[in-house]
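Participant: coords below, sequence missing:
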């Protein structure tokens, strides 16, 4: 019997959508258990704020170093094996997080997390888009990306609300109240690994000697890939603006993701008290993030994808500044929820614009370039934000980050001009 007879069959669009959305949920649910408390966990383990943010910044440096070589692995070996290795790296990182007790140990956690994110960035989306395009060439996937972003937000919200309950419950008196959510995150990370192994299919078996040869060649050719990627950005003003936008977006996110828990601890008097609040708050934040993602799909269908992205960028930046102006715990909660709604409004429209500029041959690389920019800038700005917060105040660092985020509007103007110049064409038939 021929080798092709044993090759996995490509999933039809509806089945591919189910797998895509399911793996999105299992990928992000574990994050919900730690997203609101990870900085508090590091502070409780004895790190200063500057040390905590500096250790976190290592993730960005690792992603910056590995992003393009690993996107080549995904193209050569297939998305499935790369996503499996990514999930294994994530399980290892979460185990290290549970055991970490020092700055050096948290740096190791960040290195492992960087490996995970470099491998995980892009392949699942690329697999889904290419699977859909195999049976519906040119189909626009912005609505499904909006759905996946909503599921991402709901998964994190679900994990976060349970995390807050676990902190308040504190059933293991010999451990910190923050310990159990970290343990549960590890358990659900293992479940995500099992889901990737069980559900993801590709139409071609990639794990072969030739595949490994292509992967190794891809790694050796990383300088050339970087050069071609930079040439692609140089020659495409729309893509150049979209990649640069990540610099402003990542900076604005520092106040929301890293400094809000610290500010809450300042307001309520301690990390464990803040942890009780941050669990439900993170749940609410990612729930409204999901609402914002659906709003993005609504705005895109009525006013255009580029306009929706611009509205999201302006709103997110202004509301990120609003975090610094919030008075008291209640004010911070309200400002945080509003800022995350705007964060959700930005994501799907931005991703749809990126996919417009990519082809099946370079899609993973385009997504990786954007991710590299985000993680690289974040790794630079996180230590600076920590130093600024210690030298002045957490509120000042929040305000500066949010204000910088407004610069991203300029980066979206080429995409807006390109969208205006596109000739109208019939919309592809929606996936049932």
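Facilitator: The structure has been received and is ready for your questions. The structure displayed is predicted, hence computed values, not measured ones.
Participant: might you list the low-confidence residue ranges for this structure?
Facilitator: Using pLDDT under 70 as the threshold, the predicted model of the chain has low-confidence ranges 1-10, 68-72, 74-76, 136-142, 203-222, 224-226, 360-361, 364, 423-432.
Participant: need the longest helix for it.
Facilitator: Longest helix in the chain, counting residues (DSSP state H): helix 271-303.
Participant: mind listing what's buried in that one?
Facilitator: Going by neighbour count (16 or more other Cβ atoms under 10 Å), the buried part of helix 271-303 is 271-297, 299-300. To be clear about C-beta, it is placed using only N, CA and C from the backbone, and glycine gets the same treatment.
Participant: find the nearest non-adjacent residue to residue 89, please.
Facilitator: Counting by Cβ to Cβ, 6 or more residues apart in numbering, residue 116 is the residue found nearest to residue 89 once chain neighbours are left out, at 4.1 Å.
Participant: where's that neighbour relative to residue 333, distance?
Facilitator: Residue 116 sits 30 Å away from residue 333, taking Cβ to Cβ, to the nearest Å as the criterion.
Participant: for residue 410, same thing?
Facilitator: 32 Å.
Participant: who has more neighbours, the two?
Facilitator: residue 333 (19 against 13; other Cβ atoms under 10 Å).
Participant: if I pick that one, what's in contact with it?
Facilitator: Residue 333 is in contact with 277, 281, 284, counting by Cβ atoms under 8 Å, 6 or more residues apart in numbering.
Participant: do I have it right that the second one meets residue 37?
Facilitator: The one in question is residue 281. No - between residue 281 and residue 37 no contact is recorded; they are 10.6 Å apart, counting by Cβ atoms under 8 Å.
Participant: one step back: and the longest helix of the chain, what does it pack onto?
Facilitator: helix 13-32, helix 38-44, helix 142-169, helix 260-268, helix 305-325, helix 328-356 (3 or more Cβ pairs under 8 Å, 6 or more residues apart in numbering; DSSP states H and E).
Participant: and the fifth one, what does it pack against?
Facilitator: This points to helix 305-325. For helix 305-325, the elements it packs on are helix 237-254, helix 271-303, helix 328-356, helix 394-405, helix 408-421, judged by 3+ Cβ pairs under 8 Å, 6+ apart.
Participant: again, but for the second one
Facilitator: For helix 38-44, the helices and strands in contact under the criterion 3+ Cβ pairs under 8 Å, 6+ apart are helix 49-77, helix 260-268, helix 271-303.
Participant: dump the helices and strands packed on helix 305-325 to JSON lines, plus distance to residue 317.
Facilitator: Converted to JSON lines, the helices and strands packed on helix 305-325 look like this (distance: least, Cβ to Cβ, whole Å):
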{"stretch": "helix 237-254", "distance to residue 317": "6"}
{"stretch": "helix 271-303", "distance to residue 317": "14"}
{"stretch": "helix 328-356", "distance to residue 317": "8"}
{"stretch": "helix 394-405", "distance to residue 317": "4"}
{"stretch": "helix 408-421", "distance to residue 317": "7"}
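Participant: which of the ones you listed sits closest to residue 43?
Facilitator: The closest approach between residue 43 and any of the helices and strands packed on helix 305-325, judged by Cβ to Cβ, belongs to helix 271-303 at 5.6 Å.
Participant: could you measure from residue 321 over to residue 104?
Facilitator: Residue 321 sits at a distance of 35 Å from residue 104 (criterion: Cβ to Cβ).
Participant: what's the answer for residue 363, then?
Facilitator: Here the distance between residue 363 and residue 104 works out to 37 Å (Cβ to Cβ).
Participant: out of these two, which sits in the more crowded spot?
Facilitator: The residue with more neighbours, out of residue 363 and residue 104 and counting by other Cβ under 10 Å, is residue 363; that gives 24 against 9.
Participant: quick one, what contacts that one?
Facilitator: Taking Cβ under 8 Å, 6+ apart as the test, what residue 363 contacts is 122, 126, 129-130, 355.
Participant: repeat the analysis, applying 7 Å as the threshold.
Facilitator: Residue 363 is in contact with 126, 129, counting by Cβ atoms under 7 Å, 6 or more residues apart in numbering.
Participant: residue 421: neighbouring residues, count only.
Facilitator: Residue 421 has 7 neighbouring residues, counting by other Cβ under 10 Å.
Participant: tell me which residues of stretch 320-334 are tucked away?
Facilitator: By neighbour count, with 16+ other Cβ under 10 Å as the criterion, the buried positions of stretch 320-334 are 320-324, 326, 329, 332-333.
Participant: Throw those residues into CSV and include distance to residue 78, thanks.
Facilitator: Converted to CSV, those look like this (distance: Cβ to Cβ, whole Å):
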residue, distance to residue 78
320, 38
321, 44
322, 44
323, 42
324, 45
326, 47
329, 48
332, 45
333, 44
